[in-house]
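**Q** requesting a structural model of the entry that follows:
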Amino acid sequence: MPVFFICFIVFIIWFRVKMKRSNSSVSEENEAFWEREKQANFARTRDISTLDYLTVADTQLPFSASDASLDEREADLEQQVRETSKRKMLNLSAYSNTDLKEQYGIANLEELSNCDQNFLLFIRALANWGAYLYEAEDLSRSRQIMEYSRSIGSDISSVYTTLGNIYAREGDMAKVDELIDEVEQSDFSLKNTIIKQLKLCKLEY
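**A** Just a heads-up that it's a prediction; the model follows:
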């Protein structure tokens, strides 16, 4: 029997064994997930009124004193931030729906999901406003917005890259390195891209 044919047979057997083990592992994981989901659906409802909801004071952000001094685009961006900042918000990015049901009960899932969605809309509005001001060379206000966004746990890439550019332009490379370290330790979906752009900041200024 040719050596090639023997090797091919051995490979087929090995491949089938690996596939069987893999399928078994996936099946076990699925069963564990659905069992956890089942248990979560019957978790006791808990009080969520004392959770750490995000509250935003007008003094924390550089709003203009009058819309009359703004162009139409900036006025719209400020208005979006004002509107979203008044909503009930929670940063729940670290939790899955199953986690939330287990901890607070299924009856609270919709309310918690709404609070999380409000937070996402808020940080997106902040990022858009801060990016606009950066492009308009209003670095001081852009920096204030982006640093606030960072402080409340925003994971939007432009928050970090805009701050990186501002710090680099100011000659503060230590702060750029601080951003790089923070992103490296995060679980951001665009983590590698952000780090690459932050490193480029240090070379461009």
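
**Q** so for the residue nearest to Glu147 when sequence neighbours are not counted, what's the pLDDT?
**A** Among residues not flanking Glu147 along the chain, Leu163 sits closest, at 6.7 Å (Cβ to Cβ, 6 or more residues apart in numbering). C-beta coordinates here come from the backbone N, C-alpha and C atoms, glycine included. Leu163 is assigned 98 on the pLDDT scale.

**Q** try Ser158
**A** Predicted confidence (pLDDT) for Ser158: 97.

**Q** what about it, which helix or strand?
**A** According to DSSP states H and E, Ser158 maps onto helix 157-169.

**Q** what's the following helix or strand after that helix?
**A** helix 173-184.

**Q** the residue nearest to Glu147: how many residues sit nearby?
**A** 25 (other Cβ atoms under 10 Å).

**Q** likewise Ser140?
**A** Close neighbours of Ser140, defined as other Cβ under 10 Å, add up to 9.

**Q** who does the one helix or strand it maps to touch, helix- and strand-wise?
**A** When elements are assigned from DSSP H and E, Ser140 belongs to helix 139-151. Packed against helix 139-151 by the contact rule (3 or more Cβ pairs under 8 Å, 6 or more residues apart in numbering; DSSP states H and E) you find helix 109-135, helix 157-169.

**Q** Val81 is nearest to which of these?
**A** Ranking these by proximity to Val81 (Cβ to Cβ) places helix 109-135 first, at 4.7 Å.

**Q** avg pLDDT for the closest one?
**A** Per-residue pLDDT values across helix 109-135 average out to 97.

**Q** stretch 53-60 too?
**A** Stretch 53-60 comes out at a mean pLDDT of 94.

**Q** now do stretch 81-98
**A** Per-residue scores along stretch 81-98 average to 95.

**Q** tell me, what residue is most central in the chain?
**A** The residue lying closest to the centre of the chain (Cα atoms, centre = their mean) is Asp155, at 3.4 Å.

**Q** that residue reaches Val183, doesn't it?
**A** No: look at Asp155 against Val183 with Cβ atoms under 8 Å: they stay out of range, at 9.4 Å.

**Q** rewinding a little: quick check: the residue nearest to Glu147 vs Ser151, distance?
**A** 11 Å (Cβ to Cβ, to the nearest Å).

**Q** wait, is Asp52 part of a strand?
**A** No: counting by DSSP: H, G, I helix; E, B strand; the rest coil, Asp52 falls outside a strand, being coil.

**Q** from here on, call the first residue 820.
**A** With 820 as the first residue, the last one maps to Asp871.

**Q** I'd say it and Lys907 touch.
**A** No: with contact defined as Cβ under 8 Å, Asp871 does not count as touching Lys907 (11.9 Å).

**Q** of these two, who's got more company?
**A** Lys907 (13 against 7).

**Q** leaving out sequence neighbours, find the closest residue to that one.
**A** Cys934 (5.3 Å).

**Q** repeat for Thr864
**A** Gly924 (3.2 Å).
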